[in-house]
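S.K.: Need coordinates for the following:
(2 chains)
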Amino acid sequence: AQSVTQLDSHVSVSEGTPVLLRCNYSSSYSPSLFWYVQHPNKGLQLLLKYTSAATLVKGINGFEAEFKKSETSFHLTKPSAHMSDAAEYFCVVSDQTTSYDKVIFGPGTSLSVIP
Amino acid sequence: SAVISQKPSRDICQRGTSLTIQCQVDSQVTMMFWYRQQPGQSLTLIATANQGSEATYESGFVIDKFPISRPNLTFSTLTVSNMSPEDSSIYLCSGRDRTQETQYFGPGTRLLVL
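M.R.: Residues are numbered from 1 along each chain as shown, chains lettered A, B, ... in the order given. Sure, this is the predicted structure:
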């Protein structure tokens, strides 16, 4: 069965420093992986996705993630944090067991950015 | 990307009553889903809304409590029935765009049950 682990429930960084949000997945098949962001009192926005093409995926707002099959990881990074990056981040997986139609959400990581 | 709208955006309801949430998607979407996000929690899938037939519910969710309709490709409703304070959550509609292999989400409906 599919599952997602986000290793940190909360991450705090200073503005201008790098961001690393960790995600590990479990899937019996070739997965599709996504990162979504949810700002306070806002809806979910897709940051980036991996669907079996290039393993290094670039997304919006300077975020990127690397798919590492050997480590079953899909960590999200950004070189320099901005105050507007403070939000909840969800790592999401889908695979062939559900024809890639259903997705499973991780528990989320809350990112705080300190001025 | 797909455009998804929901209404109402928020509501405060009394226990024992029911609320129907509407979701409208644009034509890019093939599959539609309903999720619940309890306070401070992640998203949990309630059901897949099937066009013209009964929805497919996930474990722990039943039709009597969460009846769902999808009369056509672009519209679905979720009813939260006989509400209790434990139903206070954000309810989100999503649509899957198969051409982009991606799910897009509506803005959510924030429900508070007193």
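S.K.: Can you tell me the centre-most residue of chain B?
M.R.: Nearest to the mean C-alpha position of chain B, counting by C-alpha atoms, centre = their mean, stands residue B:34 at 3.3 Å.
S.K.: Quick check: beta-bridge partners of that one?
M.R.: In this structure, residue B:34 bridges to residue B:47, residue B:93 when assessed by DSSP bridges.
S.K.: What residues does chain B have near chain A?
M.R.: Applying C-beta under 8 Å from any C-beta of the partner chain, one finds that chain B approaches chain A through B:1, B:31, B:33, B:41-45, B:48, B:92, B:96, B:101-108. Where C-beta positions appear, they are placed from N, C-alpha and C, glycine not excepted.
S.K.: which of the residues you listed are buried?
M.R.: Listed as buried from those are B:31, B:33, B:42-43, B:45, B:48, B:92, B:96, B:102-108; burial here means 16 or more other C-beta atoms under 10 Å in any protein chain shown.
S.K.: before we move on, the earlier item: can you flag which of the residues of chain B next to chain A belong to helices?
M.R.: Counting by DSSP state H, no part of the residues of chain B next to chain A is found in helices.
S.K.: Setting aside sequence neighbours, what's the nearest residue to residue B:44?
M.R.: Excluding the flanking residues, the one nearest residue B:44 by C-beta to C-beta, 6 or more residues apart in numbering or on different chains is residue B:36, at 5.3 Å.
S.K.: I meant residue A:23, not that one.
M.R.: Leaving aside its chain neighbours, residue A:23 sits nearest to residue A:91 (3.5 Å; criterion: C-beta to C-beta, 6+ apart).
S.K.: Where does that neighbour fall, secondary structure wise?
M.R.: Assigning secondary structure by DSSP states H and E places residue A:91 in strand A:87-94.
S.K.: Name the strands paired with whichever helix or strand comes after that strand and say parallel or antiparallel.
M.R.: Following strand A:87-94 in sequence order, the next helix or strand is strand A:104-105 (DSSP H and E). Note on strand A:104-105: by DSSP bridges, its sheet partners are strand A:87-94 (antiparallel).
S.K.: Which positions in the strand it pairs with come out as buried?
M.R.: Neighbour counts over strand A:87-94 (16+ other C-beta under 10 Å) mark A:87-94 as buried.
S.K.: right, and out of the residues you listed, which lies closest to residue B:113?
M.R.: Distance to residue B:113 across those (C-beta to C-beta) is lowest for residue A:88, with 22.9 Å.
S.K.: mind listing what the closest one touches?
M.R.: Residues in contact with residue A:88 (C-beta atoms under 8 Å, 6 or more residues apart in numbering or on different chains) are A:37-39, A:108-111.
S.K.: Skipping adjacent residues, who's closest to it in space?
M.R.: Nearest to residue A:88 is residue A:38, by C-beta to C-beta, 6+ apart, at 4.5 Å.
S.K.: my guess is the one you found contacts residue A:87, does it?
M.R.: Yes: under the criterion of C-beta atoms under 8 Å, residue A:38 makes contact with residue A:87 at 6.1 Å.
S.K.: what sits against the residue nearest to residue A:88?
M.R.: Neighbour list for residue A:38: A:44-45, A:87-90, A:108 [criterion: C-beta under 8 Å, 6+ apart].
S.K.: pLDDT at the residue nearest to the centre of chain B, what is it?
M.R.: Looking at residue B:34, its pLDDT is 97.
S.K.: circling back to that earlier point, among the buried residues of strand A:87-94, which one lies nearest to chain B?
M.R.: Of all those, chain B sits closest to residue A:90, with 6.4 Å by C-beta to the nearest C-beta.
S.K.: Could you give the number of residues near residue B:10?
M.R.: Neighbours of residue B:10 under the rule other C-beta atoms under 10 Å in any protein chain shown: 12.
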